[in-house]
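In: this is a predicted model, with the sequence first.
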Amino acid sequence: MKPSKTWVIVVAVIVVLVGIRMSIGQGMARAYVERIDQSVEVKASDTHGASTEKWTEWHPVAPKKFEAAQKADPSQTKFAFSWANTIGLWLAAFFTLAIFSFLYRDNPGYRLAEAVIIGVSAAYWGVIGFWDTLVPKLFGALTPNLVHDQVLPSLPAPTNGQVVAMCFALALGLMLLMRLAPKGGWISLWPIAFIIGVTAGLKIVSHVESDLVAQSIATFKPLVQPIVSSESAQSGWMLWPTIWASFANILLVIGVLCCLTYFFFSVEHKGVAGRAARVGIMYLMITFGAAFGFTVMGRVALLAARIEFLFDDWLWLIDPAGKRIVEVASAIGSMLC
Amino acid sequence: MAEGSARIMKRLVPMWIAIIAGFVMLLSAFFPITESLGETVGEIFNVVAAIAFVLGAGSLAKVNLAKISRRDQGWGYAAITLICFAITLVVGLGKIGVPQSTQFPLLGWSGEKDAEGSIFGWIYEFALVPITSTMFALLAFYVASAAFRAFRAKNLEAILLLSTAFIVLLGRTFAGVVLTGWLPDWASGLRLENLSVYIMQVFNTAGNRAIIIGIALGVTATSLRILLGVDRSWMGSGD
Amino acid sequence: MSKFITILEGLDRRWIFLAMAISVAGPILYIGITGKTLPETPTPTARAVYKEIEALSPGTPVLLSFDFDPASGGELTPMATSLVHQCAARGLRMVFIALWPLGPQLIDETIKRVILADYPNLKEGVDYVNLGFQSGNESVMKVMLTDFAKAFPITKNGVAVGDVVALKGIQRVDNFPLLITISAGYPGAKEWIQYVISSSGGKIKMVTGCTGVQTPGLYPYYPVQLNGLLGAIKGAAEYESLVNSSLAPKDSSAAVPAKYLEAQRRMGPQLGAHLLMIALIILGNIAFFAQRNSKVRATS
């Protein structure tokens, strides 16, 4: 069977199944919104008189609320079907299935989703950098009146030091952007040097303090760890807890020393050093095995979340949060419990 | 002469910028009098980091425009990337569809860029979240496939790794409770869920601690080399 | 047997993908329909997180750093929900920040899901505040060490932090007795320990919820530099069960809202997937050793 025929069959099956699902019970994948009427009293000031500003916002709401409101009053306008969010929901499901389709084979649907996310995420990060950092800090210092009058009225006035610092930041930033220019891109090396220098300066202190000194201190554990009973009737050490705790400490200290010996390549791994390095390898294998187990756990949780989205928000097969009254699922649930 | 000034601008000046910036951050950790200078350098760094986001966006636009103009293979997808990029940039920077803030209702630009009802928020919820989440979710499948193909108990080290993986995989789920929950209290340390905790707190801690200490030594050495101007590989070829 | 080995050796990986999908989807459907979840017994690290938050008195400021994005939301959103749930129930003054660009959205979603839904008496700006995102990674942490307002000058909705009641008494990051980070990578829990906790001389404690990939690397910091650790979705489920049982009304048989059972629901598919992984590793080794033995027999 040619690949293109396989895809046609797969898409046809999905369309048929979705069509069947849409015709059963409440259907699937619809989004609703609630009208929120905002009204804010504005006090009089030098530039304007007192007024009441009113506008309307539409916030997502559970389908159950729409159904209840419609039942109570079919002509109500507080809750409404949202075309934008419904189309968005179907788009999200399409993107999810398009990415999953890569598991079978590379295909145009996957490529489309990939192209979309590359463009969207680059622009998204740019917008966030602009509004969250550049506007309050850079423009807030260099063009404070503009920012104050148009965007952030409560931003405090910048100090002279802040203005000077932001001039430097702007200069470095413009040099960085020269990387895109056909000529003169070498000037971007200056802000890169600044970034590397700052990072190196930060990392020296932090890594020595937290990872070298503190971790070394934490390794100095007592090889005999007395565990005393918390009950006042008993006194002295508890035998087996003390033995296990001391054993754990001994294993920990030996493990750290042996693993460090393994990483110490200036000494040949022979004799005592060789045996210690071998023990270190064993410890590292256990470490990697544990890391694998946790990695699997992490990845599977992400997959579970996406499948939940498909079954809950898109197909309306399950409703753990009680956002809808899912008649099919509740009937099956009552049979299974 | 030109070569000399080029060397100064392209090699010496960046080196001294890195050294001075680095030493300011280093000294600000030890001398309270230099704390505010360290803060200032940090603030400059944060703004330059934000401008780097803009650089990333610009770089993407440049690469994809070049792909389209050269009609490279797959240029259609580059066009889609650019269209999505442009739309997101315009609706985000322009705060299109964003209602005014209840704090400052007279200012049209005061609303949050990702407020309910905004197009930017719509793009986040229905494009960014599903695609990025699903891309990460793909990894679960590849982990399973890799485990089937690559994990072989060929020697003692591999057996140790696999045994630990089995203990953690079972111990961190209900399977561990079912399989070893029947063990009496005096042998509770052998229950899979307790065994996995013990492995994490003793063996994993020992191994990772050694790795952390090793990395700390490496990072310290590399950072010191940069601050002393010995390591200039970050400048690219020529040194 | 040899036919079985031959099938295993030549197994198309797409069958493995299908098996993984079924092992995860099946339990999700079952749990979604029946509402049943698996019981959880909290481990010491999860209990430590709960105790650290419970030890704070009402009105104490806590810093919550959402250092993750929606891609890791499957593991970390349930943690965020329960952490905010416990903090809100305890009456703590919650200050939210993000060092990842998409963090502020997730903060807003968590505030909407927990605080606005179940704690409507809490006032924004007084009992909680969202300071949004700042770029710079560890440099932001460095600035926060000496001047918190310089690092985060305005809230997410544009109010200057000097005017925010929730930040009263906060000049530096170590004015917070507790830092709660929800971390997916860099910058995250490790950087908080390296740049803030180690420099604070014990003034500020830290608990973290992190992804499965990060968890083994954070264990060495526990319990000296890190006072509590929620590792992966299992840690989230354990912590959820602790918070739910402590906050459950004693005289009511009302069910726990589904949003506070998200991690426990995800432990069902975890079980299915883990059993599949073990089976795949065993089958892979059976095929490998069978093939090796047949080669040895053939040469001898």
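Out: Perfect, I can see it now.

In: only C-alpha atoms from now on, for both contacts and neighbour counts.
Out: OK.

In: the longest helix along chain B and chain C in contact?
Out: Across chain B, the longest stretch assigned as helix under DSSP state H is helix B:35-70. Yes. Contact of helix B:35-70 with chain C (CA under 8 Å from any CA of the partner chain) involves B:Glu35, B:Gly38, B:Glu39, B:Gly42, B:Glu43, B:Phe45, B:Asn46, B:Val47, B:Ala49, B:Ala50.

In: going by neighbour count, which of those residues comes out on top?
Out: Top of the residues of helix B:35-70 next to chain C by neighbour number is B:Gly42, holding 29 neighbours under the definition other CA atoms under 10 Å in any protein chain shown.

In: OK, contacts around the closest residue to it other than its chain neighbours?
Out: If the residues on either side of it in the chain are set aside, B:Gly42 comes closest to C:Ser139, at 5.4 Å by CA to CA, 6 or more residues apart in numbering or on different chains. C:Ser139 is in contact with A:Leu202, B:Gly42, B:Glu43, B:Phe45, B:Asn46, counting by CA atoms under 8 Å, 6 or more residues apart in numbering or on different chains.

In: next: B:Lys10.
Out: By CA under 8 Å, 6+ apart, the contact set of B:Lys10 is A:Trp186, A:Ile187, A:Leu189.

In: what helix or strand is the closest residue to the last one other than its chain neighbours located in?
Out: Same thing as A:Leu189. Spatial nearest neighbour of A:Leu189, excluding adjacent residues (CA to CA, 6+ apart): B:Pro14 at 6.4 Å. Assessed by DSSP states H and E, B:Pro14 sits inside helix B:13-28.

In: next one: C:Gly132
Out: strand C:128-133.

In: residues near residue 206, how many?
Out: You didn't pick a chain, so chain A it is. Neighbours of A:Ser206 (other CA under 10 Å): 24.

In: chain B is the one I meant
Out: Count around B:Ala206 with other CA under 10 Å applied: 30.

In: next one, pLDDT for it please.
Out: B:Ala206 carries a pLDDT value of 97.

In: now it: which helix or strand?
Out: Per DSSP H and E: helix B:205-227 holds B:Ala206.

In: name the residues that touch stretch C:6-20?
Out: Under CA under 8 Å, 6+ apart, the answer for stretch C:6-20 is A:103-104, B:140-142, B:144-145, C:273, C:276, C:283-284, C:287-288.

In: all helices of chain A, in order?
Out: With DSSP H as the criterion, chain A has helices spanning A:3-23, A:63-72, A:83-100, A:108-128, A:140-142, A:144-150, A:160-177, A:189-206, A:214-219, A:239-263, A:271-309, A:327-336.

In: between those, which one is nearest to C:Gly73?
Out: helix A:271-309 (7.3 Å; CA to CA).

In: is the closest one positioned near chain B?
Out: Yes. On the criterion CA under 8 Å from any CA, helix A:271-309 is in touch with chain B at A:280-294, A:296-297, A:299-300, A:302-303, A:306.

In: same thing with stretch A:25-35?
Out: No. For a cut-off given as CA under 8 Å from any CA, stretch A:25-35 has no contacts with chain B; the smallest distance is 9.8 Å.

In: okay, buried residues for that stretch please.
Out: By neighbour count on 16 or more other CA atoms under 10 Å in any protein chain shown, the buried set for stretch A:25-35 is A:Gly27, A:Met28, A:Ala29, A:Arg30, A:Ala31, A:Tyr32, A:Val33, A:Glu34.

In: give me the mean pLDDT for it.
Out: Stretch A:25-35 comes out at a mean pLDDT of 90.

In: with stretch C:211-222 instead?
Out: 96.

In: contacts for that stretch next, please.
Out: A:215, A:287, A:290-291, A:294-299, B:200-201, B:204-206, B:208-209, C:72, C:75-76, C:183-185, C:190, C:228-229, C:231-233.

In: mind listing which of the buried residues of stretch A:25-35 are in strands?
Out: Using DSSP state E, A:Tyr32, A:Val33, A:Glu34 are the members of these that sit in strands.

In: is it possible to get a markdown table of those that adds distance to chain C?
Out: Putting these into a markdown table (distance: CA to the nearest CA, whole Å) gives the following:
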| residue | distance to chain C |
| --- | --- |
| A:Tyr32 | 17 |
| A:Val33 | 15 |
| A:Glu34 | 15 |
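
In: about what we covered before: between the contacts of B:Lys10, which has the most around it?
Out: A:Leu189 (25 neighbours).

In: that residue contacts B:Trp234, doesn't it?
Out: No. Using CA atoms under 8 Å, A:Leu189 is not in contact with B:Trp234; the gap is 9.3 Å.
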